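> take this sequence and fold it.
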Amino acid sequence: MANIQERYGKLVVDFRYQGVRCRETTNLEDTAQNRKLLKKRLEQLEAEITLGTFEYAKYFPKSKRVAQFSEIQQRKAVLSSSTPLFKDFAHIWFDEKKIEWRSSYQEKVLIILNNYLIPALGHQCLDQIKKPDLLEFRSSLGKVNYGLKQASLKASRINQIMTPLRMILNEAAERYNFVSPYKNIKNLKESRIDVTPFTLQEVQKIIETVRDDFKPYYTVRFFTGMRTSEIDGLRWQNVNFQRREIYIKEALVNGKLGDTKTFGSDRGIQMSERVYQALLEQKKMVKNRSEFVFSMRNGNPLDYRLVNRRVWHPLLRFLGLKSRRAYQTRHTAATLWLSAGENPEWIAKQLGHSTTEMLFRVYSRYVPNITRRDGSAFELMLEKLNEMENEYD
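Numbers count the residues shown, from 1 in each chain. Next up is the predicted model:
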């Protein structure tokens, strides 16, 4: 039975839990009123111990015994559970799934497992992970700060982290015959993709002003819509001057040449005349300096961080243009093609999209801002209709 003692003027509770004698000092002064309050609290504590619902951390959150009993609880849970620990099954799941993924995506999933999921849930048995645990984990991700600016994780990144968790738990639920706790947990609402394309006049100004050794580079970026990793990883062997095509088969990520973003990203890009001439100029300029089309003077592939710091952002400041990521060259290509009336399916293929759905969802609202010709096509149609009516009069 629990009892109350006094030590150095403070009340101490003395009780037994799981066969262990526990003594915890409170912040209460030794007074009759405090003893009465503490006695009621101890009666509740003993009732919870009897019912098996007692949580040590709830009563004594700063106690050293919290970790001790938490470990004991985990051991009991493992012994009573018919499912493996989350960390063990996560590795099994990854080994089975990685054959379906590109190496770049495998690395991304491993980072999520090792940095987020396993540290948070690794020591819990699969069937004992509950929905509140998942919601609490997701909420904790919103409080994570990273980078020099100590920015919080965006909703899109949190959704990316939660996706493997959902896949693991759903697969485990099917194998071990329990209800997945991920049921009815929806993705966080993501902000719109940051799309701030340049106008055709701004593109022309950028290419005319940039230093000569980067004119071909930005011409190709603006008029092919290639991703940074794709153009920086482009090798001469994947440039076909005879057919006027660029073959996207590789991407440069973290200084390593590997697979493109997705299977759909592998594609052939048609060279416009401007792109064709820019690549010829680049070939003439660099000769046989490197296997990479665009490279540093020593032949190594471009470091996009260095290029952004020394070329891209200073150029935008010089021209008085709004600062934005170099990735906006890709968005610019898409909007320029749309404004020119190119076939949306052709544009999607050039960009490496499997369908036109993303094309219309992301870019269509910017077309009027590029063309400055809102509704002009409809006006032309009405003019032709009027001309036809006049002919019949």
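> and Leu252, how many neighbours?
22 (other CB atoms under 10 Å). For every residue, glycine as well, the C-beta is placed using N, CA and C.
> need the three-state assignment for it.
Following DSSP: H, G, I helix; E, B strand; the rest coil, Leu252 is assigned to strand.
> so it makes contact with Asn300?
No - with contact defined as CB atoms under 8 Å, Leu252 does not count as touching Asn300 (10.5 Å).
> what about the helices in the stretch 251-393 of the chain?
Per DSSP state H, counting those that start in this stretch, the stretch 251-393 of the chain carries helices over the ranges 273-286, 304-307, 313-319, 328-339, 344-351, 357-363, 367-371, 376-392.
> what's around Leu110, how many residues?
Leu110: 13 surrounding residues under other CB under 10 Å.
> ok so it is a strand residue?
No - Leu110 is assigned helix when assessed by three-state DSSP, not a strand.
> tell me how far stretch 186-203 is from the chain's mean position?
Put simply, stretch 186-203 sits 16 Å off its chain's centre (CA atoms, centre = their mean, to the nearest Å).
> residue contacts, Leu134?
Contacts of Leu134 were listed using CB atoms under 8 Å, 6 or more residues apart in numbering, and they are Met162, Leu165, Pro181, Tyr182, Ile185.
> and the average pLDDT for the helix or strand encompassing it is what?
Taking DSSP states H and E as the criterion, Leu134 maps to helix 131-141. The pLDDT scores in helix 131-141 average 93.
> show me where pLDDT drops low in the stretch 151-300 of the chain?
261-264 (pLDDT under 70).
> tell me where it has strands.
Along the stretch 151-300 of the chain, counting by DSSP state E, counting those that start in this stretch, strands occupy 151-152, 239-240, 245-248, 251-253, 256-258, 267-270.
> distance to Phe94 added to the ones you listed, as CSV?
Output for the strands of the stretch 151-300 of the chain, formatted as CSV (distance: least, CB to CB, whole Å):
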stretch, distance to Phe94
strand 151-152, 27
strand 239-240, 36
strand 245-248, 28
strand 251-253, 19
strand 256-258, 18
strand 267-270, 28
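> quick one: closest of those strands to Pro216.
Ranking those by proximity to Pro216 (CB to CB) places strand 239-240 first, at 11.8 Å.
> from the contact counts, what lies against that closest one?
Using 3 or more CB pairs under 8 Å, 6 or more residues apart in numbering; DSSP states H and E as the contact test, the elements touching strand 239-240 are strand 245-248.
> still on that earlier bit, give me whichever of the strands of the stretch 151-300 of the chain is most buried.
Burial of the strands of the stretch 151-300 of the chain is given as mean neighbour count (mean count of other CB atoms under 10 Å); strand 251-253 ranks first at a mean of 22.
> and that one, which strands flank it?
Strand 251-253 has its sheet partners listed here by DSSP bridges as strand 256-258 (antiparallel).
> how far does the partner strand sit from its chain's centre?
Distance, centroid of strand 256-258 to centroid of chain: 20 Å (CA atoms, centre = their mean).
> just the residues contacting stretch 294-312, thanks.
Taking CB under 8 Å, 6+ apart as the rule, stretch 294-312 contacts 210-211, 214, 216-217, 228, 231-234, 252, 255, 257, 282, 286, 289-292, 326.
> coming back round to it: Gly320: which of the contacts of Leu134 is nearest?
Using CB to CB, these come closest to Gly320 at Met162, 41.5 Å.
> top strand in the chain by residue count?
strand 20-29 (DSSP state E).
> counting contacts, what elements does that strand pack onto?
Secondary-structure packing of strand 20-29 (3+ CB pairs under 8 Å, 6+ apart): strand 10-17, helix 32-51.
> parallel or antiparallel, list what pairs with it.
In the sheet, strand 20-29 lines up with strand 10-17 (antiparallel) (DSSP bridges).
> contacting residues around the strand it pairs with?
Strand 10-17 has contacts (CB under 8 Å, 6+ apart) with 1-6, 21-30, 34-35, 38, 42, 45-46, 49, 54, 56, 69.
> ChimeraX command for the buried members of those residues?
Burial among these is assessed by 16 or more other CB atoms under 10 Å; the matching ChimeraX selection reads:
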select :2,4,22,26,28,30,34,38,42,45,46,54,56,69
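> tell me the secondary structure for Ala120?
Recorded secondary structure, Ala120: helix (three-state DSSP).
> what's around it, how many residues?
18.
> contact partners for it?
Phe137, Ser140 are the contacts of Ala120 under CB under 8 Å, 6+ apart.
> what of Gly9?
When contacts are counted by CB under 8 Å, 6+ apart, Gly9 is found next to Glu29, Asp30.
> before we move on, back to that, deepest in the core, which of the helices of the stretch 251-393 of the chain is it.
Ranked by mean neighbour count under mean count of other CB under 10 Å, these are led by helix 328-339, which reaches a mean of 23.
> now do it, average pLDDT.
Mean pLDDT, helix 328-339: 91.
> next, the angle from that helix to helix 344-351.
Between helix 328-339 and helix 344-351, the angle comes out at 160 degrees (axes from the mean of the first three to the mean of the last three CA atoms, to 10 degrees).
> elements contacting helix 328-339?
So helix 328-339, by 3+ CB pairs under 8 Å, 6+ apart, packs with helix 200-209, helix 215-224, helix 344-351, helix 357-363, helix 367-371.
> isn't Glu48 up against Phe54?
Yes - proximity of Glu48 to Phe54 meets the contact threshold set by CB under 8 Å, at 4.0 Å.
> give the buried residues for the helix holding Leu134.
Buried positions in helix 131-141, judged by neighbour count with 16+ other CB under 10 Å: Leu134, Phe137, Arg138, Leu141.
> list the contacts of the last one.
I take that to be Leu141. Applying CB under 8 Å, 6+ apart, the residues near Leu141 are Tyr116, Leu153, Ile158, Ile161.
> could you check how far Phe222 is from Gly233?
18 Å (CB to CB, to the nearest Å).
> same check on Ile248?
Ile248 is 9 Å from Gly233, by CB to CB.
> with Leu316 instead?
From Leu316 to Gly233 the distance is 24 Å (CB to CB).
> ditto for Ala278
Taken as CB to CB, the span from Ala278 to Gly233 is 18 Å.
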